[in-house]
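> build the 3D model from these lines:
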Amino acid sequence: MDGDAQRSAWLENLESGWRRELRAQRTEVEELWRTPLAERLSDGNALRISSFRITGNHQLLVVPVDADACRFREGDFLCLSQDHPLAPTGKFIHLGEDDDGLHLWRWWGEMPDPGSEGWVLDRDFVDLSDRYEQATRALAETVRGREKVLPFLLGDSGGEMDGGLFTTTMDEFEDEDAPRDVLWHDSQQDAIAACVATHDGYLVQGPPGTGKTFVLAEVVRRLVGNGERVLVTGPTHRAIQHALEGCRRLLPDSVRVVKIGPAMLARGDIEHFETFADSGLIEEADACVVGATPFALWSSFTGLREVEFDTVVIDEASQVTVMIAVMAMLHGERWLFFGDDCQLPPVMISGSGREAAESSIFRLLKNRGFETMLEETWRLNEQLAAWPSATFYGGRLTCRTNRRLLLDPPPSHPVLLGGNAVGLVLSGDDRATVRSEAEAQTVVDLVRELVRGGVGPGDIGVITPFRAQAAAIRAVLRIPAETASLHRLVTVDTVERFQGQEREVILVSLAAARPEWVRHLAGFLFQPERWNVAVTRARRKLIVVASRGLLDAAESLADGGDPGAVCFSSWHREVARSAGITSETEGGG
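Numbers count the residues shown, from 1 in each chain. The predicted structure is shown next:
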């Protein structure tokens, strides 16, 4: 196949992929809408609204809500109707949640009549095919797309850099008088210098706790210092906001850091504007940092479609599909990708977990010779780092600290005794699927003992694969009355929402116990990237609560060669080995 035919085939495959994914998303949401309201409410996929208030310029709807009533995420698209989601009154973006409730920004339709009743919020599908089509055409037809972006994606270019600038940047790190806690690790220095010096693109892989956001912010600081206008983007509003906050902390006040799009809640000292024109940056030629989603870049409303930048920085690039990355890359002359393909892949409906991982821009570009892996973790202690380092990172992770958990008064539960940073507790449940009351009680008992031993509730996180199990744990945390505030202070959530977060102590409740159910969900439960995220959020102690049925099913699947089960079972064996326990006495820690 000649070069032109190869490019045409690649472009056709790219377009068919995003069209297939959009069809799958629409089908999933429409099937959900056809589900009875009671079932949608029970599963957390809908929310009945009994009261609300309209604030600001009548674009913001604030809905008081019990935190357990739904599992909407920041950035989700939602539609408002009177249980007729196919004919909604308005469409909203979920901006976040605080003590007042859910904050929803209206981007289409009408606000509800405060005097009417029966309002329901549902998950929504937004057809963005027009923006995909524009970017696809630009990739094939514009000079930048055809002569720069496409050759880079196909591997026909990439990796060139300014050697003099790389050396100069590395020399600037040679200040031996700097305090030890601000010295950059060698791998961080290499990543920063390479990002500054590259002519086209560079990848930075950030394993858990290795300072990916700090490196990104330092790179942006240096680019802005060179007079550049930098775009920061990513898969979600939350990811973009987090990266912008890191940049803001390092940049002088004279440099503007602006986010185009709806303002998320409680997100630091970042300027927010709904359109690029509102920001005033059209008239300003100074270096600046602008944050926006890839979709906002192709929106006629935001005014970003024709705006160009010197450098495009894509954070959490391992969660960004190739097509969505293209939408951002077409807006700049060079591109920096920060992520970790050993953590969660893009969220996709139309393919398996493995297909989703392979669809990411990070996976496409990795191992082409223009990348650096950050090698020193500030989060994990030596025992917590050992298994992920050996399993995912070639044994290259080193630890800056070696924190350990000390409780006073001494705990009574065996898993909290001794110096082990990793523990496993058997729940005793043998029939659960997505919700285990026995595991919920075990988790809450451990949380209360940790709090009695001096661990702050805000320093404890609970991770579970299932929203139903998260709700069960929060329900138990509400009682007895004297400790009912724990359900607000202890974060209980799914793996997806915990990526990028950390706590002193993490408990993982797997819930599933029935062997046939475990085998049915094996691809989800034991997905290696998902498990890597779950077990790398803790700074001092990780405790996994699981059933014997799940462990046995995992071993059986591993014996049959299931890759996810092989990964999970290797972790299980490592815990048993490091704790000096056998399968018969498991549960100590």
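> wasn't residue 518 part of a helix?
Yes - secondary structure of residue 518 (DSSP: H, G, I helix; E, B strand; the rest coil): part of a helix.
> let me see the confidence value for it.
On pLDDT, residue 518 comes in at 95.
> okay, now it: neighbour count?
The number of residues packed near residue 518 is 26, by other Cβ atoms under 10 Å. Any C-beta I mention is one placed from the backbone N, CA and C, and that applies to glycine too.
> ok, it to residue 552 distance?
Applying Cβ to Cβ, to the nearest Å, the value for residue 518 to residue 552 is 9 Å.
> following the longest helix anywhere in the chain, which helix or strand comes up?
The longest helix of the chain (DSSP state H) is helix 3-33. Using DSSP states H and E, the helix or strand that directly follows helix 3-33 along the chain is helix 37-42.
> beyond that following helix, next helix or strand please.
Next along from helix 37-42, by DSSP H and E: strand 46-49.
> what pairs with that following strand, parallel or antiparallel?
Partners of strand 46-49 in the sheet, by DSSP bridges, are strand 119-123 (antiparallel).
> the strand it pairs with vs helix 3-33, what angle?
150 degrees (axes from the mean of the first three to the mean of the last three Cα atoms, to 10 degrees).
> what are the contacting residues of strand 119-123?
Contact partners of strand 119-123, identified using Cβ atoms under 8 Å, 6 or more residues apart in numbering, comprise 29, 32-33, 37, 40, 45-49, 52, 63, 70, 72, 76-83, 85, 92, 104, 112.
> residue 161 bridge partners, please.
Under the criterion used (DSSP bridges), residue 161 bridges to residue 198.
> mind listing what it touches?
Contacts of residue 161 (Cβ under 8 Å, 6+ apart): 194, 197, 198, 199, 202, 370.
> count of neighbours near the last one?
By the criterion of other Cβ under 10 Å, residue 370 has 20 neighbours.
> once you drop chain neighbours, what's closest to it?
Distances taken as Cβ to Cβ, 6 or more residues apart in numbering put residue 159 closest to residue 370, at 4.1 Å, once the chain neighbours are dropped.
> that neighbour and residue 570: what is the separation?
In terms of Cβ to Cβ, residue 159 sits 34 Å off from residue 570.
> measure the residue nearest to residue 37 when sequence neighbours are not counted to residue 48 for me?
Take residue 37 and drop its neighbours on the chain: the residue closest to it by Cβ to Cβ, 6+ apart is residue 83, 5.4 Å away. Computed as Cβ to Cβ, the residue 83 to residue 48 distance reads 9 Å.
> go on, residue 518?
33 Å.
> what of residue 16?
In this structure, residue 16 and residue 48 are 39 Å apart, going by Cβ to Cβ.
> and those two? Which one has more around it.
residue 48 (16 against 10).
> what's the neighbour count on residue 5?
9.
> what's near enough to touch it?
No contacts exist for residue 5 under Cβ under 8 Å, 6+ apart.
> circling back: surely the residue nearest to residue 370 meets residue 365?
No - Residue 159 sits out of contact with residue 365 when judged by Cβ atoms under 8 Å, with a separation of 10.4 Å.
> the more surrounded of the two?
It is residue 365, of residue 159 and residue 365, that has more neighbours when counted by other Cβ under 10 Å, with 23 against 15.
> touching, residue 572 and residue 550? I think so.
No - here residue 572 lies out of contact with residue 550, judged by Cβ under 8 Å, at a distance of 9.8 Å.
> skipping its backbone neighbours, what lies nearest residue 255 in space?
Closest to residue 255 by Cβ to Cβ, 6+ apart is residue 224, at 5.5 Å.
> what about residue 328, which helix or strand?
Per DSSP H and E: residue 328 is located in helix 322-329.
> the inter-axis angle of that helix versus helix 3-33?
Using the same axes, to 10 degrees: helix 322-329 against helix 3-33 is 110 degrees.
> and the average pLDDT for helix 322-329 is what?
Mean predicted confidence for helix 322-329 is 97.
> where does the protein dip in pLDDT?
1, 57-58, 66-69, 175-182, 264-267, 352-354, 356-357, 481-484, 579-589 (pLDDT under 70).
> middle-most residue in it, spatially?
In the chain, the C-alpha nearest the mean C-alpha coordinate belongs to residue 499, at 4.6 Å (Cα atoms, centre = their mean).
> that one and residue 319, how far apart?
8 Å.
> if we can go back for a sec, give the contact list for the residue nearest to the centre of the chain.
Going by Cβ under 8 Å, 6+ apart, residue 499 touches 343, 344, 533.
> how does it look with 6 Å?
By Cβ atoms under 6 Å, 6 or more residues apart in numbering, residue 499 lies in contact with 344, 533.
> now do the phi/psi pair for it.
Main-chain dihedrals, residue 499, degrees, to the nearest 10: phi -60, psi 130.
> what's around residue 89, how many residues?
18.
> follow-up on the earlier one: quick check: next helix or strand after the helix holding residue 328?
strand 332-339.
> I'd like to know which elements that following strand is packed against.
strand 201-205, strand 309-314 (3 or more Cβ pairs under 6 Å, 6 or more residues apart in numbering; DSSP states H and E).
> same thing but at 7 Å, please
strand 201-205, helix 212-225, strand 309-314, helix 361-365 (3 or more Cβ pairs under 7 Å, 6 or more residues apart in numbering; DSSP states H and E).
> what's the closest of those to residue 396?
Comparing those by their distance to residue 396 (Cβ to Cβ), the top pick is strand 201-205, with 10.4 Å.
> appreciated, that's everything.
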